[in-house]
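Asker: I need the structure of the sequence given here:
(chains A and B, ligands or ions: 3)
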Amino acid sequence: MHELPVTKSILQIVLRHAEAQGVEKVHAIDLSIGALSDLEAEWLQSYFDHLSKDTLAEGAELRVHRSALTFKCEPCAREYTAKREELDTATCPGCGSRDAALMGGTAYTVESMEAE
Amino acid sequence: MSDITLINIKEEILSENRELAARLRSDLDEKSVFLVNFMSSPGSGKTSLIVRTLEHLKDQFQMAVIEGDVDSAVDAERVAGEGFPAVQIKTGGSCHLTAAMVEKGLDALTLEEIDLLFLENIGNLICPVGSDTGAHLNVALLSIPEGDDKPLKYPKIFQTADAFVVNKTDVADFFDFDEDAFRRRVGRLNPEAPIFGLSCKTGDGVAPWCSWLSDRVGAKRP
Ligand SMILES: Nc1nc2c(ncn2[C@@H]2O[C@H](COP(=O)(O)OP(=O)(O)OP(=O)(O)O)[C@@H](O)[C@H]2O)c(=O)[nH]1
Ligand SMILES: [Mg+2]
Ligand SMILES: [Zn+2]
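Answerer: Numbering: from 1, shown residues only, chains lettered A, B, ... in the order given. Ligands and ions are numbered 1, 2, ... in the order given. Below you'll find the predicted structure:
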């Protein structure tokens, strides 16, 4: 359900940029989605296909790039990345500690689009 | 013949909601209203905690409640039954409150007469999280029967809330909720946020939560 307002927002952003640049057709859209986001790429695409009918972005492919988790180690301050499944278990590659604070991971942005 | 080009955008999704929420927050600041957004799964105890908190702080603040519900007024009636102003916003199927919905709720209240305002979000651990409501404080509730693994399953809410309430401590003996594991998991995602264990049924632990909240409201005032 929460994919719907997100998709609306994506389409709005893309159409605004498409019009400003005078493009004829949008082919693909690159999205950057935080590792902790629960957004499902398939749902985004199917909502998008529906909402974008009869617009410049009709048929555009959404390419979702999921960013990695970034931790900052408490003891040694080293920053390292981990997978979503390693949220509870990732350890610092420098000192082996599991005490770490998560940095970011929730933002989502429209990065770019391919258009003609 | 036209060429395909890559156009750089770098724009945050849902920024419209965020901008409206920021505007609501500064309107509330001007009127010295402190808005608290409560989020949890269905049945964790949002309404119960709001009612307990209203009772506890009634001599200190003028309070009111905005109840978000998909399609019922049950919670708003419960709050109104306690003698506090309550506004119901029905989301008509939407799974979370947007800033625009909150704005409607605010319009229905006399803000000049309120200094502490509670917002009960839709029962859901995922959807409300990405959507700024204009609140000054975001509180996530979890109840003992739901289990200590929730931060692993729904990390985003645990990363972004300002405080956590673990409700239903009265039934702790019947469940294997591991408090240390829970605190460690939350600590990794959100080391600054305080965690309050309490029972809305017995009232145990409600006082420390209310005194922390009252300090937070006080800290915002001139
Ligand atoms: N044992 C016990 N039960 C509780 C406690 N707090 C709330 N309950 C019960 O849990 C149920 C749900 O509480 P609510 O306050 O309605 O929960 P809610 O989060 O507002 O629920 P929704 O609005 O439906 O999402 C009710 O039957 C409450 O009586 C508690 O501390 N201990
Ligand atoms: Mg409720
Ligand atoms: Zn380290």
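Asker: list the contacts of A:Phe48.
Answerer: A:Phe48 makes contacts with A:Thr7, A:Ile10, A:Leu11, A:Ala57, A:Ala60, A:Leu62, as judged by Cβ atoms under 8 Å, 6 or more residues apart in numbering or on different chains. For glycine as for every other residue, the C-beta is placed from the backbone atoms N, C-alpha and C.
Asker: what's the answer for A:Asp99, then?
Answerer: With Cβ under 8 Å, 6+ apart, A:Asp99 has these contacts: A:Cys73, A:Glu74, A:Pro75.
Asker: what's the closest non-adjacent residue to A:Ala107?
Answerer: A:Gly34 (5.1 Å; Cβ to Cβ, 6 or more residues apart in numbering or on different chains).
Asker: do B:Arg18 as well
Answerer: Nearest one to B:Arg18, counting by Cβ to Cβ, 6+ apart, is B:Asp132 at 5.1 Å.
Asker: so the one you found touches B:Glu16, yeah?
Answerer: No: using Cβ atoms under 8 Å, B:Asp132 makes no contact with B:Glu16, being 10.6 Å away.
Asker: more crowded one of these two?
Answerer: A direct count of neighbours by other Cβ atoms under 10 Å in any protein chain shown for B:Asp132 and B:Glu16 places B:Asp132 higher, at 22 against 17.
Asker: does the residue nearest to the spatial centre of chain B sit in a helix or strand, and which one?
Answerer: The centroid of chain B falls nearest to B:Phe38 when counting by Cα atoms, centre = their mean (1.8 Å). Assigned by DSSP states H and E, B:Phe38 belongs to strand B:34-39.
Asker: contact partners for the residue nearest to B:Gly43 when sequence neighbours are not counted?
Answerer: Closest residue to B:Gly43 apart from its sequence neighbours, by Cβ to Cβ, 6+ apart: B:Gly123 at 6.8 Å. Neighbouring residues of B:Gly123 by Cβ under 8 Å, 6+ apart: B:Ser40, B:Ser41, B:Pro42, B:Gly43, B:Ser44, B:Lys46.
Asker: possible to save those residues as CSV with distance to ligand 2?
Answerer: Conversion of the contacts of B:Gly123 to CSV gives the following (distance: Cβ to the ion, whole Å):
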residue, distance to ligand 2
B:Ser40, 9
B:Ser41, 11
B:Pro42, 8
B:Gly43, 8
B:Ser44, 9
B:Lys46, 5
